[in-house]
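K.L.:
Next comes the sequence, and after it the predicted model I'd like to discuss.
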Amino acid sequence: MRKVMGWLVGALAILIFLIFLSSPIWYVYGTTDTVVATLNGTEVKASGSGQSFKQVYLVFTDQGVFENTDSLMMWKWNSSDFHNQLMGKNGRKLRLSYYGWRVPLLSWYPNIYQVEEE
């Protein structure tokens, strides 16, 4: 009986660990969406200093505010170039593919991973 309980506890611990590891995958691929929006502007938000310095590229549209950051899950490594291309497109309609949610309390924004002109 003790062996069975020990085995069940171990299996449950492994299952919880695997769920914890896969949660970023569920977040990214479970919240993907596409929206057509008019670009109103872009901005670079900087915070921290030294080792904790961080830049976030923000994209303002008529459909809300989005973030433009690199994404391991979406294989996107060119956020700076991406942001530069968006800077000259104010007033244009764009199809934005993104993932994530807007959470004001944590300053989270949906992250854009693909843009196409309409």
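P.N.:
Right, received. Where do you want to start?

K.L.:
Where do the strands of the protein begin and end?
P.N.:
For the chain, strands defined by DSSP state E occupy the ranges 33-47, 54-61, 64-68, 93-99, 111-117.

K.L.:
Sort out which residues of the third one are buried, please.
P.N.:
Within strand 64-68, the residues that count as buried by 16 or more other C-beta atoms under 10 Å are 66, 67, 68. C-beta coordinates here come from the backbone N, C-alpha and C atoms, glycine included.

K.L.:
Between the residues you listed, which sits nearest residue 107?
P.N.:
Among the buried residues of strand 64-68, residue 67 lies closest to residue 107 (C-beta to C-beta), at 9.4 Å.

K.L.:
Run through the bridge partners of the closest one.
P.N.:
With beta bridges defined as DSSP bridges, residue 67 has these partners: residue 58, residue 111.

K.L.:
Against residue 51, how distant is it?
P.N.:
Separation of residue 67 from residue 51 (C-beta to C-beta, to the nearest Å): 21 Å.
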